[in-house]
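J.: give me a model of this one.
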Amino acid sequence: MTGAVHRLLSILVLAAGGDAVDTLPVRQLAEERYEIVTSPEKLPVKVREALARELGQKELHMAAAGARFNSTDIVVDRSLPGRRLVAAAVGEKYAVVLFEQGGIARTRHVVVFERTPAGAERLWSGTPNRSFKDPQEFERAIHSRALWGKTKSFLLTVPSAPFNDPSARPCAPGVKGLHCNPSARLRFAPPLDAQKLERDCQAAKAESCRDLADAYAYGRGVSPDPGMAVVLMEKACALERLAAPGVPDGWRACTSRAIWYETGTAGPKDAARGLALLEEACASDDTHACALAGNRLIRGTPDGLAADPARAASLLSLACEKGVSPSCFFLASLHEVGRGVPKDLERARQLMAQACRGMEQRACDEKHTIGTNDAFALARRCQAGSAADCDAQHRR
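T.: Residues are numbered from 1 along each chain as shown. So this is what the prediction gives:
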């Protein structure tokens, strides 16, 4: 898969569904005049209320741009929100809100509202197709219509758990996995042409096999059928193996199958088989798989996958070298605590700066905390497997 790694890692906590982007009034959005807002408190009241409703909140709980928030699945401060506003473009008729969301994977989301005398109505929600270096670039992407190209459409609401909860992913029917929540619900699911997907899958189109497998796994547009889901996803993975030598980041179905092994989606859990599949994909130049495999090996998993910080560092280094900024962040943390690699604070600072240059915002927020006892530094080192820092965090 190509594109920003934030979207790649979001498969851990989000599932697709959503309004088609072609239903948006793109021309009117491009022609609108906007005021840029970077603080939730400065959003128009009706827009703020509508955004809170979309996120399942009574009142909007979101940090301002640049402010601290709980950016990972380790909650540093329960008083901090799990989301942070990046920028909002507010016009007379429309408002386009870009925010980031913490959790196991840190993701970014766009919500478009139409402003009316009665309030604000959500027109569309999804993931942006790129990162933006500043709010002005975000506004230019709206005016140029570039924001809507290859944008993924979905919104996930988890009413019983905060968005930075590690179980903030909806479960497949009958599944209770490590990274899923049976009370999560997908909203605004688009129509699914199962017959077309089946024809395209029979014509050896891996993407169609993968999409149809997801549909059967989650019961989206078809009756749930875990057995069929596995058959189709494994067919898609086999097709990707044939094409992968000439397609960097071309193991999307194999990566999805690996995550199914981890979560128990459409079959029994098998973390070891999932990891082996990720490492196979990584060896075939899929940077997403390198990043995911490395993350799993930092601390291991509760279902029996042992930690292997040296292997984790090797995999994260491969991903970091290919431009996966979150992997640079996690590799910096390993150098900071000396797990799997020599302890080297200067190298940790270099990697953190590299992650920041790659638009990994938490690296920008935390690059000055390397080697300190700042609360975010303790949480970062705890996440990297430092028992002493976990204890220090819990004593606070």
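J.: now do the buried residues in whichever strand or helix holds Ser314.
T.: Following DSSP states H and E, one finds Ser314 within helix 309-321. Buried positions in helix 309-321, judged by neighbour count with 16 or more other C-beta atoms under 10 Å: 309, 311-320. (Each C-beta comes from the backbone N, C-alpha and C, glycine too.)
J.: can you measure across stretch 296-307, start residue to end residue?
T.: Stretch 296-307 has an end-to-end distance of 8 Å (criterion: C-alpha to C-alpha, to the nearest Å).
J.: Phe329 and Arg362 touch, don't they?
T.: Yes. Assessed by C-beta atoms under 8 Å, Phe329 is found in contact with Arg362 at 6.6 Å.
J.: which of the two has more neighbours?
T.: Phe329 (26 against 23; other C-beta atoms under 10 Å).
J.: can you map out the helices along the stretch 51-200 of the chain?
T.: Remark: helices assigned in the stretch 51-200 of the chain by DSSP state H, counting those that start in this stretch are 135-143, 194-202.
J.: adding distance to Tyr34, mean neighbour count and mean pLDDT, write the ones you listed out as a markdown table.
T.: Formatted as a markdown table, these follow (distance: least, C-beta to C-beta, whole Å; neighbours: other C-beta atoms under 10 Å; pLDDT from 0 to 100):
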| stretch | distance to Tyr34 | mean neighbour count | mean pLDDT |
| --- | --- | --- | --- |
| helix 135-143 | 6 | 17 | 91 |
| helix 194-202 | 38 | 15 | 92 |
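J.: picking up where we left off before, return the member of the buried residues of helix 309-321 nearest to Val111.
T.: Closest approach to Val111 among the buried residues of helix 309-321 (C-beta to C-beta): Ala319, at 29.5 Å.
J.: and the closest one, how far from Ala141?
T.: Distance from Ala319 to Ala141, counting by C-beta to C-beta, to the nearest Å: 26 Å.
J.: what residues does stretch 299-315 touch?
T.: 178, 262, 269, 271-272, 275, 279, 282, 290-291, 293-298, 330-331, 334, 339-341, 383-385 (C-beta atoms under 8 Å, 6 or more residues apart in numbering).
J.: got the end-to-end distance for that stretch?
T.: Where stretch 299-315 begins and where it ends lie 14 Å apart, using C-alpha to C-alpha.
J.: buried among the contacts of stretch 299-315? Need that as a selection in ChimeraX.
T.: Selection of buried members from those for ChimeraX, criterion 16+ other C-beta under 10 Å:
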select :178,262,269,271,275,279,282,290,291,293,294,295,296,297,298,330,331,334,339,340,341,383,384,385
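J.: what bridges to the closest residue to Leu123 other than its chain neighbours?
T.: What sits nearest to Leu123 in space, not counting adjacent residues and going by C-beta to C-beta, 6 or more residues apart in numbering, is Val112, at 4.7 Å. When bridges are called by DSSP bridges, Val112 pairs up with Val96, Trp124.
J.: so Val112 touches Val96, yeah?
T.: Yes. At 5.3 Å, Val112 counts as touching Val96 under the criterion of C-beta under 8 Å.
J.: what's the overlap in contacts for those two?
T.: Leu29.
J.: counting by contacts, list what the helix or strand hosting Leu334 packs against.
T.: Assigned by DSSP H and E, Leu334 belongs to helix 325-337. Where contact means 3 or more C-beta pairs under 8 Å, 6 or more residues apart in numbering; DSSP states H and E, helix 325-337 is packed against helix 5-9, helix 287-299, helix 309-321, helix 345-357, helix 361-366, helix 375-383.
J.: right, and the helix or strand after the helix or strand of the chain with the lowest mean pLDDT?
T.: Sorting the helices and strands of the chain by mean pLDDT, DSSP states H and E puts helix 5-9 at the bottom, at a mean of 30. Going down the chain from helix 5-9, the next helix or strand is helix 26-31, by DSSP H and E.
J.: send the alpha carbons of whichever helix or strand comes after that next one over as CSV?
T.: The helix or strand immediately downstream of helix 26-31 is strand 34-37, counting by DSSP H and E. Output of strand 34-37 as CSV, limited to C-alpha atoms (Å, rounded to 0.1, in the frame of the first residue of the first chain):
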residue,chain,number,x,y,z
TYR,A,34,-12.7,30.1,4.8
GLU,A,35,-11.4,31.3,8.1
ILE,A,36,-8.8,28.9,9.6
VAL,A,37,-9.4,27.8,13.2
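J.: which of the residues in strand 34-37 are classified as buried?
T.: Those would be 34, 37, for strand 34-37 by 16+ other C-beta under 10 Å.
J.: would you put the C-alpha positions of stretch 107-119 in PDB?
T.: What follows is stretch 107-119, C-alpha atoms only, in PDB (Å, rounded to 0.1, in the frame of the first residue of the first chain):
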ATOM      1  CA  THR A 107      -4.800   8.500  12.600                       C
ATOM      2  CA  ARG A 108      -6.200  11.600  11.000                       C
ATOM      3  CA  HIS A 109      -9.800  12.300  10.000                       C
ATOM      4  CA  VAL A 110     -11.700  14.900   8.000                       C
ATOM      5  CA  VAL A 111     -15.400  15.700   8.600                       C
ATOM      6  CA  VAL A 112     -17.300  18.000   6.300                       C
ATOM      7  CA  PHE A 113     -20.400  19.900   7.600                       C
ATOM      8  CA  GLU A 114     -23.000  22.000   5.900                       C
ATOM      9  CA  ARG A 115     -24.000  25.000   8.000                       C
ATOM     10  CA  THR A 116     -27.700  25.800   8.000                       C
ATOM     11  CA  PRO A 117     -29.900  28.100  10.100                       C
ATOM     12  CA  ALA A 118     -31.000  25.000  12.000                       C
ATOM     13  CA  GLY A 119     -27.400  23.900  12.900                       C
END
